[in-house]
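Undergrad: Quick check, what structure comes out for this input:
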Amino acid sequence: MEIDGFNEFLNLLCITKKVHDIKRYDLLENSFYDRWDYDDYYQTMYNLFENLFGYWSLDYYERGNFELQIFSDAVIENFYIMAGEYGTLCGITEEDNPYIKQALDMIKDELYIGHCMSWTLKAYTKPLRKYHSRLGIFISHDCGCVELGVLAYRLIEIYEWFEQQCEELKNKLAALKTLPHMLHHDVLISTERQAIAA
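TA: Below you'll find the model as predicted:
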């Protein structure tokens, strides 16, 4: 037996629980309607997309029959700025930076939803403008197999991950900055060992 709107209702319950867990009650107030109505489901998802991150845009491209959604937020910007700072302090290139690699892997895992959706990430450790670091999601309208509720849930998890990593990086940078002479000393010893071994 199939109940119309049952899966969508369950998606909303899961999203509501996730929003509650990350203490973003503003999303409930600004994105959800007062009562459940199947006809409002997709609008609720788009409301959530708009309110989850600090910046959101949606453009539909008729020629390719796809939509492009852009997401950015201070947690994404700050993450890449601090990851860049961490790399500089530790003498690590952006290509080898473990935080930048982790972010890319996490987004790959979260957004592997279906063949009708693809994404791109523009990440800058030295942004030139506000919301310069951003996530772009392309959704094809030709097959219609991207479940917006699943995407919303995954985006909340992405937001939460960046938020948690910002806190971790902030603490790690504070610790590194209080011991700059030791960091320099470790790099110097490493360089001397390499010279002796040569």
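
Undergrad: Look at Ala175 and report its pLDDT.
TA: Predicted confidence (pLDDT) for Ala175: 88.

Undergrad: how close does it sit to Ile139?
TA: 41 Å (C-beta to C-beta, to the nearest Å). Every residue, glycine included, has its C-beta placed from N, CA and C.

Undergrad: quick one, which of these two is more surrounded?
TA: Ile139 (22 against 9; other C-beta atoms under 10 Å).

Undergrad: helix or strand for the nearest residue to Trp56 once chain neighbours are set aside, which one?
TA: Nearest residue to Trp56 in three dimensions, chain neighbours excluded: Glu50, at 4.9 Å (C-beta to C-beta, 6 or more residues apart in numbering). Glu50 belongs to helix 41-52 when assigned by DSSP states H and E.

Undergrad: Likewise for Lys17?
TA: helix 6-21.

Undergrad: what is the mean pLDDT for that helix?
TA: Here helix 6-21 scores 68 as its mean pLDDT.

Undergrad: Can you point out the buried residues in the longest helix seen in the chain?
TA: Taking DSSP state H as the criterion, the chain has its longest helix at helix 148-178. By 16 or more other C-beta atoms under 10 Å, the buried positions in helix 148-178 come out as 148-156, 158-159, 161-163, 165-166, 169, 172.

Undergrad: Determine the set of other helices and strands touching that helix.
TA: helix 6-21, helix 41-52, helix 74-90, helix 98-110 (3 or more C-beta pairs under 8 Å, 6 or more residues apart in numbering; DSSP states H and E).

Undergrad: out of these, nearest to Glu67?
TA: For Glu67, the closest of these is helix 41-52, at 10.2 Å, according to C-beta to C-beta.
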